[in-house]
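S.K.: A predicted structure for the sequence below; I have some questions about it.
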Amino acid sequence: MKKLNYNIEINAAPEKVYDNMLGLSDKKTYEAWTAHFEPTSTFEGTWNEGGKIIFTSHAESAEKSGMIARIEKNDPAKFVSILHYGMLEKGKEITEGEKIENWKGAHENYRFEPTTNGTRVTVEVDMVDEYISHMDEAWPKALEKLKEISE
């Protein structure tokens, strides 16, 4: 697994960017920026520290699929750490076995740092080789969409 980093400057307060990124006030803000990864992206669960969250989509069929994670840390408008530990496949949760061994334990971290004009968002993700090119294409577009939503 490799650690990938992406960042963007957004002319809005950290609290607003954080709220939009996580879709706290309106889930549609989360769905708008994550559409660059998969058009039907959404989530179920909670962003509360220790909480379970499932990042879902209906990409390949009408069956819900996605990633199962736990929010390891949520310091509002400062830092969020997500630990991925399983997958949802055709509605079934998978937390052990060959399908997830390559990436189980991967982290996705979001930092919100105040700047003179707003917020610097830094994203750090652990990624398996087969998805690096997709992430390198999708993350910059997703962050631009977050910027558009927040400014």
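M.R.: Here it is on my side, so go on. Numbering: from 1, shown residues only.
S.K.: What ranges does this structure have for its helices?
M.R.: 14-22, 27-34, 98-101, 132-150 (DSSP state H).
S.K.: what's the closest of those to residue 111?
M.R.: helix 14-22 (9.7 Å; Cβ to Cβ). Glycine gets a C-beta too; all of them are placed from N, C-alpha and C.
S.K.: tell me the angle the closest one makes with helix 132-150.
M.R.: Put simply, helix 14-22 runs at 130 degrees to helix 132-150, going by axes from the mean of the first three to the mean of the last three Cα atoms, to 10 degrees.
S.K.: can you list the residues that contact helix 14-22?
M.R.: Contacting residues not belonging to helix 14-22 are listed as 10, 24-25, 29-30, 33, 47, 76-78, 80, 110, 112-114, 118-119, 121, 146, 149-150 [Cβ atoms under 8 Å, 6 or more residues apart in numbering].
S.K.: Can you list the low-confidence ranges for this structure?
M.R.: 59-62 (pLDDT under 70).
S.K.: can you tell me how far residue 137 sits from residue 96?
M.R.: Distance of residue 137 to residue 96, given as Cβ to Cβ, to the nearest Å: 31 Å.
S.K.: Let's have the helices of the chain in a markdown table, adding distance to residue 3 and mean neighbour count.
M.R.: Output for these, formatted as a markdown table (distance: least, Cβ to Cβ, whole Å; neighbours: other Cβ atoms under 10 Å):
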| stretch | distance to residue 3 | mean neighbour count |
| --- | --- | --- |
| helix 14-22 | 20 | 21 |
| helix 27-34 | 20 | 18 |
| helix 98-101 | 19 | 12 |
| helix 132-150 | 11 | 16 |
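S.K.: Next up, the contacts around the residue nearest the centre of the chain.
M.R.: In the chain, the centroid-proximal residue (Cα atoms, centre = their mean) is residue 108; its distance is 6.7 Å. Residue 108 makes contact with 69, 81, 82, 84, 123, 124, 125, 126, according to Cβ under 8 Å, 6+ apart.
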